[in-house]
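[1] can't give you the sequence, but here's the structure:
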Ligand SMILES: [Zn+2]
């Protein structure tokens, strides 16, 4: 039976890294996949002074096409940046949730994805996605709410190894994302790793912007078998099951 799955994200490129494999797998299996982003990512990294939000919106559409999305919607909020003093992070939760709930109704969505309460690594817009998704799923009585996350207990050993090369503070990561024990769904996306890679590569401004090596760039440099192993699982915590 074909289901409708709505993936809600904060910024263009979040969909690729966190849920791209799941989206590609669901659409390949005949389900309707809808992508909704809260912001156009206007405060992301940029190598140019062109209108970054416009460029990132275009990149999101290209990524969504790779992942087989049937529909892409922007809620049109401003990217809050890491400070979170303006923009989506400070938007009215009820107003944003009402708009998302209207779309869930219209789509008769069977599943909504949001983020874990920590907002992953704590970006203010990601914490806001958690709040808005929770309320929207409730308002629309969406049968399933899954929170996209990372298995922290799998991430920490990798980061500890990376620290041997370059020192950095592990503290924030010990509290970010979700503990292994809390994860309810581990989605095997190894067969769709090539599509996940193409969807990540579609976000060109985020792979070339700034002066330091970006996470996306580093991941895209991994040889395909390593990429498939490292990014071949996506994790979710099921928060709500109604029906
Ligand atoms: Zn983001």
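    Received, thanks. Please read these numbers as outputs of a predicted model, since none were measured by experiment.
[2] most proximal residue of this protein with respect to the ion?
    residue 11 (3.7 Å; Cβ to the ion). From N, CA and C alone the C-beta is placed, and that goes for glycine too.
[3] let me know the secondary structure of that residue.
    What DSSP: H, G, I helix; E, B strand; the rest coil gives for residue 11 is coil.
[4] state the pLDDT value of the residue lying farthest from the centre of the chain.
    Going by Cα atoms, centre = their mean, the residue of the chain most distant from its centre is residue 164, 28.4 Å out. The score at residue 164 is 71. That number is its pLDDT.
[5] and residue 222, that's in a strand?
    No: with three-state DSSP as the criterion, residue 222 is coil rather than part of a strand.
[6] one step back: by contact count, what packs against the helix or strand harbouring the residue farthest from the centre of the chain?
    Element membership for residue 164, per DSSP states H and E: helix 152-165. Counting contacts by 3 or more Cβ pairs under 8 Å, 6 or more residues apart in numbering; DSSP states H and E, helix 152-165 is packed against helix 171-175.
[7] re earlier: make sure the residue of the chain closest to the ion is actually in contact with residue 124.
    No: in this structure, residue 11 is not within contact of residue 124 by Cβ atoms under 8 Å, at 11.5 Å.
[8] so for those two, which residue has more residues nearby?
    residue 11 (25 against 20; other Cβ atoms under 10 Å).
[9] how about the contacts made by that one?
    37, 38, 39, 40, 41, 44, 56, 79, 125 (Cβ atoms under 8 Å, 6 or more residues apart in numbering).
[10] just the ones of those in strands?
    Residues of the contacts of residue 11 located in strands (DSSP state E): 37, 38, 39.
[11] neighbours around the second one, how many?
    Counted with other Cβ under 10 Å, the burial measure for residue 38 works out to 30 neighbours.
[12] quick one: pLDDT of it?
    pLDDT for residue 38: 97.
[13] my guess is it meets residue 75, correct?
    Yes: using Cβ under 8 Å, residue 38 is in contact with residue 75, at 4.9 Å.
[14] give me the common contacts of these two.
    Common neighbours of residue 38 and residue 75, using Cβ under 8 Å, 6+ apart, are 88, 96.
[15] how about the strands in this protein?
    4-9, 32-39, 71-77, 111-115, 144-149, 185-188, 233-241.
[16] what's the angle between the fifth one and strand 233-241?
    What it means is strand 144-149. 140 degrees (axes from the mean of the first three to the mean of the last three Cα atoms, to 10 degrees).
[17] list the buried residues for strand 144-149?
    144, 145, 146, 147, 148, 149 (16 or more other Cβ atoms under 10 Å).
[18] what bridges to the fourth one?
    Which is residue 147. In this entry, residue 147 is beta-bridged to residue 114, residue 237, by DSSP bridges.
[19] what's the per-residue pLDDT of it here?
    98.
[20] that one contacts residue 113, doesn't it?
    Yes: taking Cβ under 8 Å as the definition, residue 147 is a contact partner of residue 113 at 7.0 Å.
[21] which residues are in contact with each of these two?
    133, 236.
[22] right, and residue 160 touches residue 170 too?
    Yes: the criterion here is Cβ under 8 Å, and residue 160 meets it with residue 170 at 7.0 Å.
[23] what's around the nearest residue to residue 121 once chain neighbours are set aside, how many residues?
    Among residues not flanking residue 121 along the chain, residue 176 sits closest, at 4.8 Å (Cβ to Cβ, 6 or more residues apart in numbering). Per other Cβ under 10 Å, the neighbour tally for residue 176 reads 18.
[24] no more questions from me, cheers.
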